[in-house]
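predicted model follows, preceded by the sequence.
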Amino acid sequence: MGRWGFLTNHARVLLCITDDPGARLRDIAAVLGITERSAHTIVTDLIEDGYVVKLKDGRRNRYQIRADRTLPEPASRQPTIGELLATLARTSPIGERG
């Protein structure tokens, strides 16, 4: 495989959180092949920009994706994070799960 990918690490982290909202930073880093520090930086970016909410669950963190947020891309119709993740993960839109 080439040295580049279609998705940024930020998008890949969002997909990891979609699959497992209780994933530890260590787990995210291992799945993506990045350092734990990089995973922490990316999750912090996503939280600060309002795409992810961090919730305390005992001694661990759980993450909630704000699926209603639009993508930070210039476009005539900006899809929401939930629509993008649903497309990539081949699931129903995040906000419509039961």
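Yep, that arrived. Numbering: from 1, shown residues only.

what is the least confident helix or strand in this structure?
In the chain, the helix or strand scored least confidently by mean pLDDT, DSSP states H and E is helix 81-89, which has a mean of 80.

give me the distance from it to the chain's centre.
Offset of helix 81-89 from its chain centre (C-alpha atoms, centre = their mean, to the nearest Å): 10 Å.

what does stretch 59-71 give?
That offset, for stretch 59-71, works out to 7 Å (C-alpha atoms, centre = their mean).

kindly provide the distance from residue 60 to residue 26.
Using C-beta to C-beta, to the nearest Å, residue 60 is found at 11 Å from residue 26. The way it works is simple: take the backbone N, C-alpha and C, and place the C-beta from them, glycine included.

likewise for residue 42?
Taking C-beta to C-beta, one finds residue 42 at 14 Å from residue 26.

give me the below-cutoff pLDDT ranges for this structure.
1-2, 73-77, 90-98 (pLDDT under 70).

is residue 63 in a helix, a strand, or coil?
strand (DSSP: H, G, I helix; E, B strand; the rest coil).

thought it was touching residue 53?
Yes - using C-beta atoms under 8 Å, residue 63 is in contact with residue 53, at 7.1 Å.

just want the most central residue of this protein.
Ranked by distance to the mean C-alpha position of the chain (C-alpha atoms, centre = their mean), the top residue is residue 14 at 1.1 Å.

got the buried residues for the longest helix along the chain?
When the chain is parsed with DSSP state H, its longest helix is helix 36-48. If you call a residue buried by 16 or more other C-beta atoms under 10 Å, then helix 36-48 has these buried ones: 38, 39, 41, 42, 43, 46.

so what's the fourth one closest to, chain neighbours aside?
It stands for residue 42. Leaving out its chain neighbours, the residue that sits closest to residue 42 by C-beta to C-beta, 6 or more residues apart in numbering is residue 13, at 4.8 Å.
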